[in-house]
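In: what follows is a predicted structure for the sequence shown.
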Amino acid sequence: MTDEPVLAVRDLVVEYRTPAGPVRAVRGASFDLYEGESLALVGESGCGKTTLGLALLRLLPRLGSTPHGEVRYRRADGSTVDLLTMRKEQLRRFRWHEAAMVFQGAMNALNPVLRVQDQMYDTIRAHRSMSASAARKRCHEVLDMVRLEPRRVMPSYPHELSGGMRQRVLIAMALLLSPRVLVLDEPTTALDILTQRSIVDVLQELRRELGFAMVFVTHDLALAAELADRVATMYAGRIVELGDSRDVFAAPRHPYTAGLIRAVPPAVGEATEISSIPGGPPSLAALPPGCPFSVRCGLSAEVGDGDGPAGVCVQADPELTRTGERHEVACHYSDRVEFTREVVVDGV
């Protein structure tokens, strides 16, 4: 890992046009991604994590836009470019060559009326000049990487493959042109536990072998703990905690992150009480004043007057500030966050 990030995101804002006016789905996201590093974006549905992932490669739907911010990519030669200012042809050359995305829902991402080999050949032809024999060889190589049998998979239509095989086909297609950055949106959603395990093993092996940097969106904290070097927790369109995965999961400094972890049953050890975060996420079209999490935050209520959130929590939305060497938190009372699990009586 070098000192310079391969991807530097600064104060990125993403808006969607709606009949009621623009709605900010991502509000000032900033982070660095280094070569060979894996970053997980976690949070509840609707927090903006998928939108952030799409914005990194400018794959937002037509109603989406990025009115502010930078997404700076550092090429292998050391030069940098802001992806948000790239022209269409530059962006087309950038995708697949430098960065690629694995979309959620392989059955929707793959063309159902084309064989896998046709879709892979089309990807190569659209982005690189390569002979038919070389293209065939490359397709075989990437399918082997994801533990698929090329002779079985290439002539197949997507519906003839299992869910796990389709997901691995998407990963193989993303790796066709050896990108340095890979963005994955919920790579194990809707897969059974054994297939999820296989996908995780494939991703870990490929990252060690190829050295690409990875951003992946997930609601599965166990997956984030296993695959990610760093974790970014998102809430109401903002990154509210960012740090090394060991630090975040062992000692979260934001009450929302702590609540997410408490809501996941431990895989080993004694039975513990599983708690939930009260209430639901706020509407991005009508955010409450101050910290959006304050209306659900037990810590804010505890330090307040007993009738509601603490005054500072409803007056100002806290900035993401550094609390350790590689740990940043957006919370007025991050130093008061306590993370413990209560053991259930009689092991029930």
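Out: Here it is on my side, so go on.

In: every contact and neighbour count from this point should use C-alpha atoms.
Out: OK.

In: what segments of the stretch 101-250 of the chain are helices?
Out: For the stretch 101-250 of the chain, the helices defined by DSSP state H, counting those that start in this stretch cover 106-109, 116-127, 132-145, 150-153, 163-174, 193-210, 221-227, 245-250.

In: just the buried residues of the first one, please?
Out: Pointing back at helix 106-109 there. Neighbour counts over helix 106-109 (16 or more other C-alpha atoms under 10 Å) mark 106-107 as buried.

In: could you shift the numbering so residue one becomes 19, and keep it that way?
Out: Yep, numbering from 19; the last one is helix 124-127 now.

In: let me see the mean pLDDT of it.
Out: The average pLDDT within helix 124-127 is 80.

In: and for the last one?
Out: Predicted confidence along helix 263-268 averages 93 (mean pLDDT).

In: please apply the same query to the longest one.
Out: The predicted model gives helix 211-228 an average pLDDT of 88.

In: quick check: the gap between the nearest residue to Arg110 once chain neighbours are set aside and Leu194.
Out: Nearest residue to Arg110, sequence neighbours excluded (C-alpha to C-alpha, 6 or more residues apart in numbering): His145, at 7.8 Å. Distance, His145 to Leu194, by C-alpha to C-alpha, to the nearest Å: 10 Å.

In: residues near Val330, how many?
Out: By other C-alpha atoms under 10 Å, the residues close to Val330 number 16.

In: now do it against Ser151, distance only.
Out: 65 Å.

In: and this protein, what are its domains?
Out: 25-246, 256-365 (automatic domain parsing).

In: where among the ones you listed is the average confidence lowest?
Out: Among the domains of the chain, domain 256-365 scores lowest, with a mean of 84.

In: returning to that earlier point: got any residues that touch both of His145 and Leu194?
Out: Trp114 (C-alpha atoms under 8 Å, 6 or more residues apart in numbering).

In: so for those two, which residue has more residues nearby?
Out: Leu194 (22 against 15).

In: now that one. Nearest residue, chain neighbours left out?
Out: Nearest to Leu194 is Val160, by C-alpha to C-alpha, 6+ apart, at 6.5 Å.

In: close enough to count as contact, the one you found and Leu188?
Out: No: using C-alpha atoms under 8 Å, Val160 makes no contact with Leu188, being 10.4 Å away.

In: looking at these two, which is more packed in?
Out: Leu188 (25 against 22).

In: and the more buried one, how far is that from Ala243?
Out: 23 Å.

In: just to revisit the earlier point, hang on, isn't the residue nearest to Arg110 packed against Arg111?
Out: Yes: His145 is within contact range of Arg111, at 6.4 Å (criterion: C-alpha under 8 Å).
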